[in-house]
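Enquirer: Here is my input; please provide its structure:
(one chain, ligands or ions: 1)
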Amino acid sequence: MPRDFVKLVCTVCGEENYHTNKNKKTTPERLEFNKYCSRCQKQTSHKEKK
Ligand SMILES: [Zn+2]
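Expert: Numbers count the residues shown, from 1 in each chain. Got it, this is the predicted structure:
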């Protein structure tokens, strides 16, 4: 089953900090994680970018 490659982008500065895969059939919603951003130097919200 194909899995989609997605980028996780810091919502504060727009930096692409993380890459992940997701299965659109099992995870149709947009991903959002609180992760550390090296540019902001703090934990920020990261959202899926196509
Ligand atoms: Zn950032």
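
Enquirer: Could you use CA atoms for every contact and neighbour count after this?
Expert: Noted.

Enquirer: near the ion, which residues of the protein show up?
Expert: 10, 12-13, 37, 40 (Cα under 5 Å from the ion).

Enquirer: Go again with 8 Å.
Expert: 9-15, 37-42, 44 (Cα under 8 Å from the ion).

Enquirer: average model confidence for stretch 13-30?
Expert: Per-residue pLDDT over stretch 13-30 has a mean of 92.

Enquirer: end-to-end on that stretch?
Expert: 19 Å (Cα to Cα, to the nearest Å).

Enquirer: coming back round to it: highest neighbour count among the residues of the chain next to the ion?
Expert: Cys10 (27 neighbours; other Cα atoms under 10 Å).

Enquirer: Just confirm that one contacts Ser45, I think it does.
Expert: Yes. If you go by Cα atoms under 8 Å, Cys10 and Ser45 touch, sitting 6.0 Å apart.

Enquirer: Now do the strands in this structure.
Expert: Using DSSP state E, the strands of the chain run over 4-10, 16-22, 32-37, 42-49.

Enquirer: if you compare those, which one is most tucked away?
Expert: Comparing the strands of the chain by mean neighbour count (mean count of other Cα atoms under 10 Å), strand 4-10 comes out on top with a mean of 19.

Enquirer: ok, and what's touching that one?
Expert: Applying Cα atoms under 8 Å, 6 or more residues apart in numbering, the external contacts of strand 4-10 come out as 15-24, 32, 37, 44-50.
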